[in-house]
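generate a structure from the sequence data that follows.
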Amino acid sequence: MPVLYLGHGAPPLADDPTWTGQLAGWSATLPRPTAILMVSAHWEQAPLTLGATSTVPLTYDFWGFPERYYQVRYAAPGAPDLAAKVRRLVGSAYPTRDEPERGLDHGAYVPLVEMYPDADVPVLQISMPTLDPRRLFEVGRLLAPLREEGVLIVGSGFLTHNLSCVDFGAGVDAPPASFMTEFDDWAARALDAGDVDGLLDFAHRAPAPRLAHPRSEHFAPLFVSLGAAEDTVAEHRTPVDGFWYGLSKRSVQFD
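This next block holds a predicted model:
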């Protein structure tokens, strides 16, 4: 299976026909997965923690939005067999724990609603046990064998993420700040070159990294995806690019 890194927007992504259409069109080109393993920017927890392996309510980890965003449902099957494989693959290097009542957060379910709207593919979400790029890359390497079993590994974040620069009143097509476009361009060129070391060392090599990412949690899922696709990073495609309220929604598929 391919490995994905995608921008998940926010709950209002559902109101953007362009972006929802891009995600739906993307998933239509993918082989049907046996299960989906999600790594979202919105779950940092150590040790590496496995979420629900049965169908439980979603985690609405956002505040101040209209009520209709809290009425979204996504009752995908759990993936207990996948959970057992994850424990086995990473257990020798990273301790794991279970949190069986934790449902998918919006970094997981918002894109899945658009990509797999029938909610008929089993989904497991795991936490990021750290934000250290090289450790997350190693987690991805350990998980890579799942690809051969039909598992779609998805890192879900945002290629740039600085909400202090977002004016939601300016519309989805608001022009991005220059540091957002510079970071996006740098990341695109690093991906095209297969420069994994540069991407992992973004804090020192990227332009204005602390402006594009005051915290790195939305960039960090990329490191898991890079690890899972270590040998094919340069052989990627970009099904989604552009900006949304000034944030880069660049999303990539590693084959």
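
can you pull out the strands in the stretch 1-150 of the chain?
Taking DSSP state E, counting those that start in this stretch, the strands of the stretch 1-150 of the chain run over residues 3-7, 35-44, 48-50, 96-98, 123-128.

out of the ones you listed, which comes closest to Pro207?
strand 3-7 (19.1 Å; C-beta to C-beta). To be clear about C-beta, it is placed using only N, CA and C from the backbone, and glycine gets the same treatment.

other residues contacting the closest one?
By C-beta atoms under 8 Å, 6 or more residues apart in numbering, the surrounding residues in contact with strand 3-7 are 23, 111, 140, 147, 152-159, 221-222, 225-226, 228-229, 240, 244, 247-254.

again with stretch 124-132
Residues contacting stretch 124-132 (C-beta under 8 Å, 6+ apart): 35-41, 43-53, 78-79, 82-83, 86, 94, 102, 104-105, 108, 135-136, 139, 215-217, 220-221, 224.

and these, which are buried?
Buried members of these, scored by 16 or more other C-beta atoms under 10 Å, are 35-41, 43, 48-53, 78-79, 82-83, 86, 94, 102, 104-105, 108, 135-136, 139, 216-217, 220-221, 224.

remind me, longest helix of the chain?
As assigned by DSSP state H, the longest helix anywhere in the chain is helix 178-193.

ranges for the helices of the stretch 1-150 of the chain?
Along the stretch 1-150 of the chain, the segments classed as helices by DSSP state H, counting those that start in this stretch run 17-28, 80-90, 106-115, 133-143.

ok, residues contacting the third one?
Counting by C-beta under 8 Å, 6+ apart, helix 106-115 makes contact with 6, 8-11, 13-14, 19-20, 23-24, 26-27, 36, 38, 40-43, 58-62, 72, 74, 76, 104, 119, 123, 125, 154, 156-157, all of which sit outside it.

now which of these would you call buried?
By 16+ other C-beta under 10 Å, the contacts of helix 106-115 give 6, 8-11, 13-14, 19-20, 23, 26-27, 36, 38, 40-43, 58-60, 74, 76, 104, 119, 123, 125, 154, 156-157 as buried.

give me the neighbour count for the residue nearest to Ala203 when sequence neighbours are not counted.
Closest residue to Ala203 apart from its sequence neighbours, by C-beta to C-beta, 6 or more residues apart in numbering: Pro209 at 5.1 Å. By other C-beta atoms under 10 Å, the residues close to Pro209 number 19.

my read: Pro209 touches Asp201, true?
No - the pair Pro209 / Asp201 is not scored as a contact, 9.9 Å apart, by C-beta atoms under 8 Å.

buried set for stretch 112-130?
For stretch 112-130, a neighbour-count test (16+ other C-beta under 10 Å) marks 112-116, 119, 121-130 as buried.

pull the most distant pair out of the residues you listed.
Going by C-beta to C-beta, the pair spanning the buried residues of stretch 112-130 furthest: Ala119 and Thr130, at 30.3 Å.

can you report phi and psi for the residue nearest to Ala203?
phi -60, psi -30 (degrees, to the nearest 10).

number the residues from 11 up from this point.
Sounds good: first residue 11 from here, last item Pro219.

packing partners for the helix or strand of the chain with the lowest mean pLDDT?
Lowest on mean pLDDT, DSSP states H and E among the helices and strands of the chain sits strand 253-254, with a mean of 94. With contacts taken as 3 or more C-beta pairs under 8 Å, 6 or more residues apart in numbering; DSSP states H and E, strand 253-254 sits against helix 188-203.

could you list the residues in contact with the helix it packs on?
Outside of helix 188-203, the residues within contact range by C-beta under 8 Å, 6+ apart are 169-170, 172, 175, 186, 208-209, 212, 215-219, 221-223, 243-244, 246, 248, 251, 253, 256-258, 260, 262.
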